[in-house]
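In: Quick one: sequence plus predicted model below, questions after.
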4 protein chains.
Amino acid sequence: MPVIRHRITSRVLEGNPLGDPITRDLLVYVPPDYDAASSKRWPTVLAIVGFTGTGGSLFNIDPLTESLHDKLDRMIATGACPPIIVAAPDCFTRVGGNQYINSAGTGRYEDYLVDEIVPFVDDSYRTLPRGQWGVFGKSSGGYGAIVLGMRRPDVFCAIADHSGDANFELCYLPDFPAALDAYRDAGGPAAWLDRYWADPNHRREKFYKPLNALGMAAHYSPNPEAPAAHLRIDWPFDLETGEFRPAVWERWRAWDPVQMVDRHVEQLRKLRAIYIDCGLRDEFALHWGARTLARKIRGHGIAVHHEEFDDGHMNIPYRYAVSLPILAEAIAGA
Amino acid sequence: MPVIRHRITSRVLEGNPLGDPITRDLLVYVPPDYDAASSKRWPTVLAIVGFTGTGGSLFNIDPLTESLHDKLDRMIATGACPPIIVAAPDCFTRVGGNQYINSAGTGRYEDYLVDEIVPFVDDSYRTLPRGQWGVFGKSSGGYGAIVLGMRRPDVFCAIADHSGDANFELCYLPDFPAALDAYRDAGGPAAWLDRYWADPNHRREKFYKPLNALGMAAHYSPNPEAPAAHLRIDWPFDLETGEFRPAVWERWRAWDPVQMVDRHVEQLRKLRAIYIDCGLRDEFALHWGARTLARKIRGHGIAVHHEEFDDGHMNIPYRYAVSLPILAEAIAGA
Amino acid sequence: MPVIRHRITSRVLEGNPLGDPITRDLLVYVPPDYDAASSKRWPTVLAIVGFTGTGGSLFNIDPLTESLHDKLDRMIATGACPPIIVAAPDCFTRVGGNQYINSAGTGRYEDYLVDEIVPFVDDSYRTLPRGQWGVFGKSSGGYGAIVLGMRRPDVFCAIADHSGDANFELCYLPDFPAALDAYRDAGGPAAWLDRYWADPNHRREKFYKPLNALGMAAHYSPNPEAPAAHLRIDWPFDLETGEFRPAVWERWRAWDPVQMVDRHVEQLRKLRAIYIDCGLRDEFALHWGARTLARKIRGHGIAVHHEEFDDGHMNIPYRYAVSLPILAEAIAGA
Amino acid sequence: MPVIRHRITSRVLEGNPLGDPITRDLLVYVPPDYDAASSKRWPTVLAIVGFTGTGGSLFNIDPLTESLHDKLDRMIATGACPPIIVAAPDCFTRVGGNQYINSAGTGRYEDYLVDEIVPFVDDSYRTLPRGQWGVFGKSSGGYGAIVLGMRRPDVFCAIADHSGDANFELCYLPDFPAALDAYRDAGGPAAWLDRYWADPNHRREKFYKPLNALGMAAHYSPNPEAPAAHLRIDWPFDLETGEFRPAVWERWRAWDPVQMVDRHVEQLRKLRAIYIDCGLRDEFALHWGARTLARKIRGHGIAVHHEEFDDGHMNIPYRYAVSLPILAEAIAGA
């Protein structure tokens, strides 16, 4: 079986603020002829997933959607993609997902990936020397990919950002009307989150906007001094009246990839491949974020592979068939 | 018939930037015993309507919704509301409606109301002496009412803001993803608006968000130097990439009633009645704006009649049955 | 003013089963040069409206939708439409509208139109001799037009069915899941209808499906012996379990225009013009009904003017600009 | 690992009309102490899944939804459920799923389950003697469970029907307006299905209704003599005009569990446990079908465990925590 499941206990995540587990799964896909090539080293890519997901879901069975291992097996067999190792960690949290950054609100997940997952895989598999990993992901995972590319080019040399969070005013603010209503009905964000986890169905439609807003807030504007009822978060809107708080919002903006570009030009320049795509009907308007990002990076004379396609935000892992060969070749071609 | 139709030609609107008509309807409701009371003077209220509406629509026939004249006749007959005159002007524009302010993008509609409509009615009907008008409206009309209350307490002494635009980050920004897509598909806002007017059905669902965003932009951030293809508007998002432009947005915020309160405390203090309500399921999140507004005004020691009710934004003229007696009594009781 | 309002007291509707008013409005549009032509007689058309509507609404003011009188004035002025008289009665009922048939559940509205409205207009205006009226309408009004054409060619010689109810399995059955839920929550259809009328907002979105199903059931399968809690209606689904009742449904089908065609061939042959259209995105799938109807009528060698257009079910009075000239010319050309 | 994957080649499915694979996965869950109890025999349950699913998906990883093996491990550990074996076959087909019946349109899947899957598991695992299996499923799988209970009580002695298809007029007919539009746009059902499979995203929202209607039609009204462009199916609506075809619909009704009850009373009487549940907000109105089914079966003096709960149709595997202990105890208690 090409997908190996590891259980890893983290030191970085010890005492994380949400009380999330520190022993977690790591799934690793190895290419079909991995075992046979005893001394050969292989391009390796980190897979990070969207909100409400976990790495293991990439290998789920669905008769209507090709799983990641089937896709890679097929593409490697036909030569459509060079053989690669893919490492898919679990970074799920009590706030519904991960943005893959170090945050006082959720934990040091950038460090977890860079200091624990990558070294573990480097130790356990015949990967390439340090600095030659790729990273890809969709949605929050796409966000994580571009942000890791900007922050950690010492580790990652090629990134693919699929439908990643960007242009926060367009992708996040529209969730707040429903989120504020939900928190108020529940008696505040902490009470809402308790209720959420007490419900036997965590995927009710009505939960997505409040959960998403809450997850983002925990990452971008945590405040250990804020009230427990507010989940130790500074909210960009007053929870009683809905008034906008520009100062809190500025803290979110500081994490918007679109705003980060100008502060990370030298890092971006180090990357061998930057792939960005998004569907033209993205329900979170992320095609606009992708456009801004591509334009800003190119504005610094850095090449971007930017694609748009006729689809929305969901059920689009077929796009990995475009990005993974680009990452694999960029890594291998170094 | 209790509703009289006038045709008025405006000087204020001459040469308005959108080329909208300057000769317009004004509908005036007079109470049932108006003619009999030959020297008596009557409280008078200006009715301003929501986006995509016009004053005349208040008197439309719908078997499921009581018209304004039927409601007033009924309430006056039972004593539920003191007899009042209501003046309902037409302020519709090519950008889909009106915010009832003086704007370089649409025209001087505050002046139109204050310098032409009010004097015409004062001349034509036995109204009370200057400074004793009321004003009410819903949605954009509610917005207009509170803004006129803050800006023109020399004319209006009592206002009712039903589900009025406020907290612009919550009520306007969520429309932009769809609006930006629509403008881009059409080749820009000007091209979109041309297409809109060329369509035989101006009420297609898909038109509302782009039309609303466009209407607001024309009011809040017009710029006569901006490209014609942009409709002489500075847009709060880059039309090519979707990037947010905080400086333009600050111009919108300057017109957010929530931001205006602190600059208009003395004026607000002059009003005899401030009525604000909004449905708890308002599709544009305006219940949050109403809360902020009520809290901010009360923070200055000024009384506000604030109500919430279990409904959304549409089909709620039954709320006038609550506000109009309050306005009428405040005016009459002075 | 070109639209005259009459108040008519009906004998036909006396003691109607829903207790609806028997004194009702009738609005009559006369063409601009009507008064001048003292002995001239004019083609006359009956206007019947959709569910939740009334004749008077055709003349409502909406800055985004041309009213019927403005449309006729404009088209007559340019010669696009021959001058006609239009009579728009009120047939609204407690069950939300009218199908314009004689029904034990609602009243004898076919008779009301044919025996009272038409004669009143013939007496009051210079119409053409008996048998030369046209009739048009949309939705329930379109249904009424084609059914009146089939049943009363002695009165109507030209009909226009816009987006009319037809193919009942496609247009009505999909409303039943929501309708059955609503009735059950309320404690039965009679309790639901009481609640509905007690609500200050009769146009809440959630009301439409249960109201529509109820209105149709009152017309097609009334049963004076049925329980009052069931509104004296035989329901096509068991109200406790949802089981389908084919025998009741057959009574509905007997009123489906698509099923009526074969039984009314000779009557259809007498009509001078049969106009049928529907939008290709009709939310009630009525474009399929229109297709079946057109095909079935043509199958008997009878001409049908059948059009499809790119729109849905709502806000499409612009289609009258196509149908009314056809009716007017068919009538005038006789 | 508690879930074992088998590959089985079928003889029953050889030459199936859709050309679907005959070598398929079978996943088998065994309880934690299965290996230790060397001669002990275990209650065994067949798991059949909903439309667009496959057995393997029951074991998918989702941080928000407990997988079937985790749920069973947990419940067995606490004694909440007796230990059981669960066999989850793959019955996916080119028309999007399976109703688990023998059909000329899809294949002999009842036979596949009864003559191949059950015997294979009986041979490979220490199950109980013939006639003591349970079967459970959701949606199409719930349908399959109740139908297998009625048709094959020689094999299954306990069934759980979760949100299963029933009352076909309520659950299937509402899909047809969108389905007919889609087929027409594509040039017929066969062309539509080709397009569907050519699209890289098989889970676009717009595909569900046409796919579901097509899948059901292939099961209930196949006709090998029908045109290939119609997919060798007799459609319950005319594909050109939308006219309803009652004779075809009667063939569907013959497979409605609600209609099957009276013809299968003796078989139902043989079952030791009949569990039926459905969410009160089921988007396909299946709570009505569950009510009818429960009432009809009870009408024959046969006990039914019928529950309703506050949820919709999706993401409700938490309901297996209610049904599986009932099945396990009914089987074990025999």
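Out: Arrived safely.

In: of all of chain A, which residue lies closest to chain C?
Out: Nearest residue of chain A to chain C (Cβ to the nearest Cβ) works out as residue A:206 at 15.8 Å. In this view, the C-beta of every residue, glycine as well, is placed from N, C-alpha and C.

In: Next, the contact list for that residue, please.
Out: By Cβ atoms under 8 Å, 6 or more residues apart in numbering or on different chains, the residues touching residue A:206 are A:178, A:182.

In: So it, which state does it fall into?
Out: What DSSP: H, G, I helix; E, B strand; the rest coil gives for residue A:206 is helix.

In: Look up phi and psi at the closest residue to residue A:288 other than its chain neighbours.
Out: Leaving aside its chain neighbours, residue A:288 sits nearest to residue B:242 (2.8 Å; criterion: Cβ to Cβ, 6 or more residues apart in numbering or on different chains). With angles defined as degrees, to the nearest 10, residue B:242 sits at phi 80, psi 0.

In: Against residue A:173, how distant is residue B:242?
Out: Separation of residue B:242 from residue A:173 (Cβ to Cβ, to the nearest Å): 13 Å.

In: So for the two, which sits in the more crowded spot?
Out: residue B:242 (27 against 23; other Cβ atoms under 10 Å in any protein chain shown).

In: In terms of pLDDT, where does the more buried one sit?
Out: pLDDT, residue B:242: 98.

In: next one: residue A:333
Out: pLDDT, residue A:333: 83.

In: Could you pull up the contacting residues of residue A:270?
Out: Contacts of residue A:270 by Cβ under 8 Å, 6+ apart are A:153, A:157.

In: Chain D versus that one, what's the distance?
Out: 33 Å (Cβ to the nearest Cβ, to the nearest Å).

In: Can you tell me the SS state at the closest residue to residue A:77 other than its chain neighbours?
Out: Counting by Cβ to Cβ, 6+ apart, residue A:77 lies nearest to residue A:32, which is 7.2 Å off, once chain neighbours are set aside. The local conformation at residue A:32, judged by three-state DSSP, is coil.

In: Residue A:32 contacts residue A:83, correct?
Out: Yes: the pair residue A:32 / residue A:83 is scored as a contact, 7.5 Å apart, by Cβ atoms under 8 Å.

In: neighbour-wise, which of these two wins?
Out: residue A:83 (20 against 12).

In: neighbours around residue A:308, how many?
Out: Neighbours of residue A:308 under the rule other Cβ under 10 Å: 15.

In: residue ranges for the strands of chain A, please.
Out: Per DSSP state E, chain A has strands spanning A:3-9, A:23-29, A:44-48, A:85-89, A:102-103, A:107-108, A:133-138, A:156-162, A:273-279, A:305-309. These are given in chain order.

In: Tabulate the ones you listed in a markdown table, adding columns for mean pLDDT.
Out: Output for those, formatted as a markdown table (pLDDT from 0 to 100):
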| stretch | mean pLDDT |
| --- | --- |
| strand A:3-9 | 97 |
| strand A:23-29 | 98 |
| strand A:44-48 | 98 |
| strand A:85-89 | 98 |
| strand A:102-103 | 98 |
| strand A:107-108 | 98 |
| strand A:133-138 | 98 |
| strand A:156-162 | 98 |
| strand A:273-279 | 98 |
| strand A:305-309 | 98 |
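
In: which residues sit against stretch A:109-117?
Out: Stretch A:109-117 has contacts (Cβ under 8 Å, 6+ apart) with A:8, A:10-13, A:26, A:46, A:48, A:87, A:89, A:91, A:98-103, A:148, A:151-152, A:155.

In: hmm, which of those are the buried ones?
Out: Buried members of those, scored by 16 or more other Cβ atoms under 10 Å in any protein chain shown, are A:8, A:10, A:12-13, A:26, A:46, A:48, A:87, A:89, A:91, A:98-101, A:103, A:148, A:151-152, A:155.

In: Tell me where the model's unsure across chain A.
Out: Along chain A, segments meeting pLDDT under 70 span A:1, A:36-37, A:334.

In: 80 - rerun?
Out: A:1-2, A:35-38, A:334 (pLDDT under 80).

In: of all the residues in it, which ones are close to chain D?
Out: With Cβ under 8 Å from any Cβ of the partner chain as the criterion, chain A meets chain D at residues A:52-54, A:56-57, A:59-65, A:90, A:92, A:200-204, A:311-312, A:314-316, A:318.

In: Return a ChimeraX selection command for the buried portion of those.
Out: Selecting the buried subset of these in ChimeraX, with 16+ other Cβ under 10 Å as the burial test, is done by:
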select /A:52,53,54,56,57,59,60,61,62,63,64,65,90,92,200,201,202,204,311,312,314,315,316,318
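
In: how much space between the most centrally placed residue in chain A and residue A:50?
Out: The residue lying closest to the centre of chain A (Cα atoms, centre = their mean) is residue A:141, at 1.8 Å. Distance, residue A:141 to residue A:50, using Cβ to Cβ: 5 Å.

In: which residues in the stretch 51-200 of chain A form helices?
Out: Along the stretch 51-200 of chain A, counting by DSSP state H, counting those that start in this stretch, helices occupy A:68-78, A:109-111, A:118-124, A:140-151, A:168-171, A:176-186, A:189-198.

In: Now distance to residue A:267 too, for those helices, in JSON lines please.
Out: As requested, the helices of the stretch 51-200 of chain A are exported to JSON lines (distance: least, Cβ to Cβ, whole Å):
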{"stretch": "helix A:68-78", "distance to residue A:267": "28"}
{"stretch": "helix A:109-111", "distance to residue A:267": "14"}
{"stretch": "helix A:118-124", "distance to residue A:267": "17"}
{"stretch": "helix A:140-151", "distance to residue A:267": "5"}
{"stretch": "helix A:168-171", "distance to residue A:267": "21"}
{"stretch": "helix A:176-186", "distance to residue A:267": "31"}
{"stretch": "helix A:189-198", "distance to residue A:267": "34"}
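
In: hey, which of these is tucked in deepest?
Out: A comparison of the helices of the stretch 51-200 of chain A by mean neighbour count, using mean count of other Cβ atoms under 10 Å in any protein chain shown, puts helix A:140-151 on top with a mean of 28.

In: any idea how far it is from the chain center?
Out: Computed by Cα atoms, centre = their mean, to the nearest Å, the chain-centroid distance of helix A:140-151 equals 7 Å.

In: repeat for stretch A:304-322
Out: 15 Å.

In: same thing with stretch A:253-263?
Out: Using Cα atoms, centre = their mean, the offset of stretch A:253-263 from its chain centre is 16 Å.

In: again with stretch A:236-245
Out: 28 Å.

In: Please apply the same query to stretch A:292-303.
Out: 21 Å.

In: close to chain B, is it?
Out: Yes: using Cβ under 8 Å from any Cβ, stretch A:292-303 reaches chain B at A:292, A:295.

In: Was I right to think residue A:332 contacts residue A:82?
Out: Yes: judged on Cβ under 8 Å, residue A:332 makes contact with residue A:82 at a distance of 5.5 Å.

In: Which one's more surrounded, these two?
Out: residue A:82 (18 against 15).

In: now that one: how far from chain B?
Out: 33 Å.

In: just residue A:56 next, same as before
Out: 32 Å.

In: Residue A:212 too?
Out: Here residue A:212 is placed at a distance of 14 Å from chain B (Cβ to the nearest Cβ).

In: Could you pull up the residues touching residue A:222?
Out: Applying Cβ under 8 Å, 6+ apart, the residues near residue A:222 are A:17, A:103-106, A:232-234.

In: ChimeraX command for the buried members of the residues you listed?
Out: Buried residues within the contacts of residue A:222, by 16+ other Cβ under 10 Å, are selected in ChimeraX with:
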select /A:17,103,105,106,232,233,234
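
In: Next, format the contacts of residue A:222 as JSON lines and append distance to chain B.
Out: Output for these, formatted as JSON lines (distance: Cβ to the nearest Cβ, whole Å):
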{"residue": "A:17", "distance to chain B": "28"}
{"residue": "A:103", "distance to chain B": "23"}
{"residue": "A:104", "distance to chain B": "25"}
{"residue": "A:105", "distance to chain B": "22"}
{"residue": "A:106", "distance to chain B": "25"}
{"residue": "A:232", "distance to chain B": "23"}
{"residue": "A:233", "distance to chain B": "18"}
{"residue": "A:234", "distance to chain B": "16"}
